[in-house]
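Trainee: Have a look at this prediction, sequence included:
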Amino acid sequence: MRGRIHVRHLRFFLMLVVSLSAHPETLSGTVVGVADGDTITVLDANRAQHKIPLGAIDAPEKAQPFGQRSKEFMSAMVFGKDVDVQWQKHDRYQRIVGKVMVADPNCRTSYCPKTLDAGLAQITVGLAWWYRKYAKEQSPEDAGRYEFAEQEARAKRAGLWADGQPIPPWDWRKEARR
């Protein structure tokens, strides 16, 4: 009996550690720059700037078809607005990679909760791909939403999906390096 209690406590401890390590951190601030359709700059309360690639999406490069439209849509959605960046990791350049939440533009109250996922919005209108390579870093719910949004955008031929064979940015970058 004593051994079982010990194993039960160990199991509980391991579950607690895993759940705490999977809990995202939040960076709050104002968007002061939009580099492209999937990278923004956030100014935090300490006046530090953070270049933030949006997690789990890949938008067309600037020179690609729809690259400029993707950047413009992102700018209209987040530039000058307060955002919450929910993040769990840094990329190889030590930038925070995260999900960017902004207030819905249709909210007309004095305080609008940040309920609009900017990355998901980009996918929904056909201005970014769901970056399946990073699906394991998303919650199952987010991965499902992103996958569904891309399927719907493809079916509607929205944005870049109007082109029968759009080139994913990861292939575009590979070709540009040659």
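Mentor: On my side now, so go ahead.

Trainee: Could you look up the SS state of residue 40?
Mentor: The assignment at residue 40 comes out as strand when based on DSSP: H, G, I helix; E, B strand; the rest coil.

Trainee: mind checking pLDDT for it?
Mentor: At residue 40, the model reports a pLDDT of 99.

Trainee: what pairs with it across the strands?
Mentor: residue 34, residue 52 (DSSP bridges).

Trainee: Settle this for me: it is touching residue 57, isn't it.
Mentor: No. At 11.9 Å, residue 40 does not count as touching residue 57 under the criterion of C-beta atoms under 8 Å. Placement of C-beta: from N, CA and C, glycine included.

Trainee: could you pull out the strands for this structure?
Mentor: 25-36, 39-44, 49-53, 57-58, 82-90, 96-102, 116-117, 129-130 (DSSP state E).

Trainee: Can you check what angle separates the third one from strand 39-44?
Mentor: Going by axes from the mean of the first three to the mean of the last three C-alpha atoms, to 10 degrees, strand 49-53 is angled at 150 degrees with respect to strand 39-44.

Trainee: Return the list of helices and strands in contact with strand 49-53.
Mentor: strand 25-36, strand 39-44, strand 82-90, strand 96-102 (3 or more C-beta pairs under 8 Å, 6 or more residues apart in numbering; DSSP states H and E).

Trainee: Can you report how many residues lie near residue 55?
Mentor: Residues lying near residue 55 (other C-beta atoms under 10 Å) number 25.

Trainee: Same question for residue 135.
Mentor: Residue 135, neighbours per other C-beta under 10 Å, totals 15.

Trainee: returning to that earlier point: residue 62: which of the helices and strands packed on strand 49-53 is closest?
Mentor: strand 25-36 (5.8 Å; C-beta to C-beta).
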